[in-house]
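# Sequence and computational prediction follow.
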Amino acid sequence: MRCLCSRRPDVGWTQGCNLSLLYSIRNWNDWFENNRSRSIKALSWVGVPNRHDGENYTAIVSHKDGAEIFAAWNLIVQVASKCEPRGVLTRGCGRPHDAASLALKTRAPKIWFEKALKYLSENTDWLDITEFASQRQETDAHLTPTCPQSTLGGKEGGIGRTGPRAEVIPQFPDVLQTDAFKAAWARWVKHRKEIRKPLTETSIETQLKEFSEWGEARSIAAIEFTIKKGWQGLAEPKTYGSQTSQRVNQRNLGIARPTIGADYGEAAKRKLVRQTLEAQNRESPKAQGDGGSGGFVLHGDLEPASNRPAAGTGGQ
């Protein structure tokens with residue numbers, strides 16, 4: 001069944017509308033939002049206060065139907081966290097939620113919400129209630145009518161989503177205004193959609209800014225490498241490795257770089273001298289280990305020949 005709620009600018013609500021109740025959770029932003037949740041567009045969780053000494057909470061759990069009322073209240077909070085705006089119990093078409101629609105959405109008994117809405121409205125300050133003009137229509141005896149997603153237009157012009165999110169048209173920097181990069185970017189966008197992680201407007205802006213610093217060739221290489229691996233986040237092939245990777249490669253080659261001012265033990269000093277000499281021997285084409293021109297000789301005490309005392313001097 002279609003939602004027939006409509007409003008004409010000239011005469012207000014159309015004939016046949018009656019008033020229904022719109023429930024909203026009081027002080028939603030103070031009690032159920034934090035700096036993390038405010039930065040997320042679609043919540044998959046909601047923070048709930050954990051105090052158990054409040055007057056309203058005590059009165060609810062003392063009620064004969066307290067368990068059902070409190071269970072329904074927590075479900076109401078969860079539903080409200082996914083409404084637009086948050087904290088206001090509205091459906092996708094803008095019509096208010098009632099006990100029947102809440103039961104259908106949460107699969108909980110309708111009687112729970114009937115008791116909870118009545119009790120919370122009359123005995124607590126947790127809910128705000130306003131009158132809402134809605135179109136009069138016949139309803140099914142068992143199911144609440146559903147509403148089409150696109151009844152009130154786009155998200156900017158009304159409440160609720162209207163279908164697929166509009167695709168963001170990127171503004172490529174001048175350095176990336178090439179057919180090769182645009183083709184790579186199109187493949188990157190398609191890849192993110194295929195893994196169900198579409199690019200957001202913020203991520204597009206951030207990535208293009210980084211690509212403009214990398215240049216065309218490096219950016220295309222990173223895109224192709226990431227798609228090949230099937231990853232979500234951008235990664236670069238070894239050709240464009242980071243400085244950290246280069247430092248690791250130097251250590252693997254045995255090139256030691258002593259830290260100025262560090263106090264090494266004797267064993268560490270001997271190891272540093274040996275590694276340095278071995279690296280220099282590898283780099284020098286004339287080094288044959290016999291003390292020839294340009295080479296170094298490794299002795300038993302791991303010192304260069306130039307540092308050893310002359311024979312017969314006794315080291316004096």
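Sure, I can see it.
# So what does residue 66 have for phi and psi?
Recorded main-chain torsions at residue 66 are phi -60, psi -40, according to degrees, to the nearest 10.
# got it, and the one 10 residues further on?
Residue 76 has phi and psi values of phi -60, psi -40 when expressed as degrees, to the nearest 10.
# Any figure for the gap between it and residue 51?
Residue 76 is 18 Å from residue 51, where distance means C-beta to C-beta, to the nearest Å. Yep, even glycine has a C-beta here, placed from its N, CA and C like the rest.
# mean confidence score for stretch 66-85?
The pLDDT scores in stretch 66-85 average 93.
# What of stretch 282-291?
Averaging pLDDT along stretch 282-291 yields 58.
# So which of residue 76 and residue 51 has more stuff around it?
The residue with more neighbours, out of residue 76 and residue 51, is residue 76; 23 against 6, by other C-beta atoms under 10 Å.
# list the contacts for the more buried one?
23, 25, 89, 102, 113, 116 (C-beta atoms under 8 Å, 6 or more residues apart in numbering).
# and what of residue 219?
Applying C-beta under 8 Å, 6+ apart to residue 219 gives the contacts 176, 181, 184, 211.
# ok, residues contacting the helix or strand harbouring the third one?
Translated: residue 184. Using DSSP states H and E, residue 184 sits within helix 179-194. With contact meaning C-beta under 8 Å, 6+ apart, helix 179-194 is reached by 170, 172, 176, 198-199, 211, 216, 219-220, 223-224, 226-227, 232.
# How about stretch 199-212, which residues are buried there?
Buried positions in stretch 199-212, judged by neighbour count with 16 or more other C-beta atoms under 10 Å: 199, 204, 207-208, 211.
# Using CSV, lay out those together with secondary structure, pLDDT and distance to residue 269.
Output for the buried residues of stretch 199-212, formatted as CSV (DSSP: H, G, I helix; E, B strand; the rest coil; pLDDT from 0 to 100; distance: C-beta to C-beta, whole Å):
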residue, secondary structure, pLDDT, distance to residue 269
199, coil, 89, 53
204, helix, 90, 53
207, helix, 91, 47
208, helix, 91, 50
211, helix, 91, 46
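# Show me the shaky parts of the stretch 151-300 of the chain.
Residue ranges of the stretch 151-300 of the chain with pLDDT under 70: 151-167, 239-264, 284-300.
# Of the contacts of residue 76, which pair is most distant in space?
25 and 113 (14.1 Å; C-beta to C-beta).
# Kindly export stretch 27-47 (C-alpha atoms) in CSV.
Taking C-alpha atoms only, stretch 27-47 is exported to CSV below (Å, rounded to 0.1, in the frame of the first residue of the first chain):
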residue,chain,number,x,y,z
ASN,A,27,17.7,15.3,24.4
TRP,A,28,18.8,12.6,21.9
ASN,A,29,22.0,14.4,21.0
ASP,A,30,23.1,14.7,24.6
TRP,A,31,22.3,11.2,25.7
PHE,A,32,22.8,8.9,22.7
GLU,A,33,25.4,10.7,20.5
ASN,A,34,29.2,11.2,21.0
ASN,A,35,32.0,12.6,18.8
ARG,A,36,32.3,9.2,17.1
SER,A,37,28.7,8.7,16.2
ARG,A,38,28.3,12.2,15.0
SER,A,39,30.9,11.6,12.3
ILE,A,40,29.0,8.5,10.9
LYS,A,41,26.2,8.9,8.5
ALA,A,42,24.5,5.5,9.0
LEU,A,43,24.9,4.0,12.5
SER,A,44,25.1,0.2,13.0
TRP,A,45,25.3,0.7,16.8
VAL,A,46,24.0,3.2,19.4
GLY,A,47,25.4,4.2,22.8
